[in-house]
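Asker: The following comprises the amino acid sequence and a computationally predicted model.
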Amino acid sequence: MQENEIIVIKGRGLSKYIGEGPALISYEPITFFGGVDPYTGIIIEHYHPLRGRCISGKVLVFPYGKGSTVGAYILYQLSKLNKAPKAIINIEADHVTIVGCVISKIPLIDRLEINPFSVIDESSYIIVDGIKGLVRVIKNKKIF
């Protein structure tokens, strides 16, 4: 891939907002209730591969959410405290993540035409358009 190459992927826009930022990738599901500190945005779930990493300001890419319905409220609290991800991309979004994103105004897209893990890595800058159901992946973007 060349610097700033852009890949556009169509998906299902579930939360009709637009957000962008650097990618944070988890190949494992994420639980927001008990798994993410709502005051810091840091993943605190024991044994999670991203434990200690902050989701704030990132485009969070993970297969699906897991855990309690309170997770939707944790997403809302993260949003109110400016600690939320800028957008979320799922393979198949669960109801808790969908509700949390809608009430928090966090863009959410799932069911992409191609597996997002095949083109997105942590060097990617992502623009998520939940209105049009589009993900723009900018590879190796240089930020000055």
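Answerer: Now that the structure is in, tell me what you want to look at. Numbers count the residues shown, from 1 in each chain.

Asker: Where do the helices of the chain begin and end?
Answerer: 70-80, 95-104 (DSSP state H).

Asker: And the average pLDDT for the last one is what?
Answerer: Just to be clear, that refers to helix 95-104. Averaged across helix 95-104, the pLDDT comes to 98.

Asker: cool, and the longest one?
Answerer: Average pLDDT, helix 70-80: 98.

Asker: Can you name the residues that contact the closest residue to Arg136 other than its chain neighbours?
Answerer: Once flanking residues are discounted, Arg136 sits nearest to Ile127: 4.1 Å by CB to CB, 6 or more residues apart in numbering. Any C-beta I mention is one placed from the backbone N, CA and C, and that applies to glycine too. Counting by CB atoms under 8 Å, 6 or more residues apart in numbering, Ile127 touches 18-20, 135-136, 138.

Asker: Could you do Lys105 as well?
Answerer: Per CB under 8 Å, 6+ apart, neighbours of Lys105: 15, 17, 79.

Asker: Tell me the bridge partners for Val61.
Answerer: Under DSSP bridges, the beta-bridge partners of Val61 are Ile25, Ile89.

Asker: and it, how many neighbours?
Answerer: 26 (other CB atoms under 10 Å).

Asker: quick one: contacts for it?
Answerer: Counted by CB under 8 Å, 6+ apart, Val61 has contacts 23-26, 88-90, 116-117, 120, 126.

Asker: repeat that with 6 Å
Answerer: 23, 25, 89, 116, 120 (CB atoms under 6 Å, 6 or more residues apart in numbering).
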